[in-house]
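>>> what would the 3D arrangement of this be:
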Amino acid sequence: MDAGVLYGRVAVLRATSTPNGFNEGVDTWNTLATVWTDARPVSDGERWSAGQTLANQVIRFTIRWSTLAASITPKDRLQYQGRTYDIQGVKNLGRNSMREITATARAE
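All right, here's what the predicted structure looks like:
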């Protein structure tokens with residue numbers, strides 16, 4: 001994929017656990033990095049065949065491969081255009097040239 005099609009910016013969020021007053025771990029989401037992305041909605045046909053409800057917005061993000069991109073897992077989140085997305089899956093494209101991240105956000 002040509003890097004010129006990476007036209008949007010997406011923030012990668014990672015949780016850190018800090019104890020509260022009762023010594024319980026509370027997750028705080030911090031921005032790990034902001035990277036260029038190509039964000040494309042998953043088609044209705046793909047959602048239907050995967051058994052997902054239409055109440056969620058599913059987007060497939062493509063980012064350039066890096067050491068940071070290689071560390072992204074479904075435990076992380078993405079923030080794109082003011083919405084927070086839970087990561088469903090991550091895979092490499094090509095020979096570690098790009099990473100494809102499938103993520104969902106609840107419809108408003």
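
>>> could you use CA atoms for every contact and neighbour count after this?
Fine.

>>> what about the helices in the protein?
44-49, 67-70 (DSSP state H).

>>> in this protein, what helix or strand scores lowest on average pLDDT?
helix 44-49 (a mean of 54; mean pLDDT, DSSP states H and E).

>>> quick one: buried residues of the top strand by length along the chain?
Using DSSP state E to define each element, the chain has its longest strand at strand 25-41. Neighbour counts over strand 25-41 (16 or more other CA atoms under 10 Å) mark 35, 36, 37, 38, 39 as buried.

>>> separation between the closest residue to residue 63 other than its chain neighbours and residue 79?
Nearest non-adjacent residue to residue 63, counting by CA to CA, 6 or more residues apart in numbering: residue 37, 4.8 Å away. Applying CA to CA, to the nearest Å, the value for residue 37 to residue 79 is 12 Å.

>>> shared neighbours of the two, anything?
Common neighbours of residue 37 and residue 79, counting by CA atoms under 8 Å, 6 or more residues apart in numbering, are residue 10.

>>> so residue 29 makes contact with residue 12?
No. Using CA atoms under 8 Å, residue 29 is not in contact with residue 12; the gap is 9.6 Å.

>>> show me what contacts residue 91?
With the criterion set at CA under 8 Å, 6+ apart, residue 91 makes contact with 99, 100, 101.

>>> how near is the residue nearest to residue 5 when sequence neighbours are not counted to residue 25?
Nearest residue to residue 5, sequence neighbours excluded (CA to CA, 6+ apart): residue 38, at 6.3 Å. Distance, residue 38 to residue 25, by CA to CA: 35 Å.
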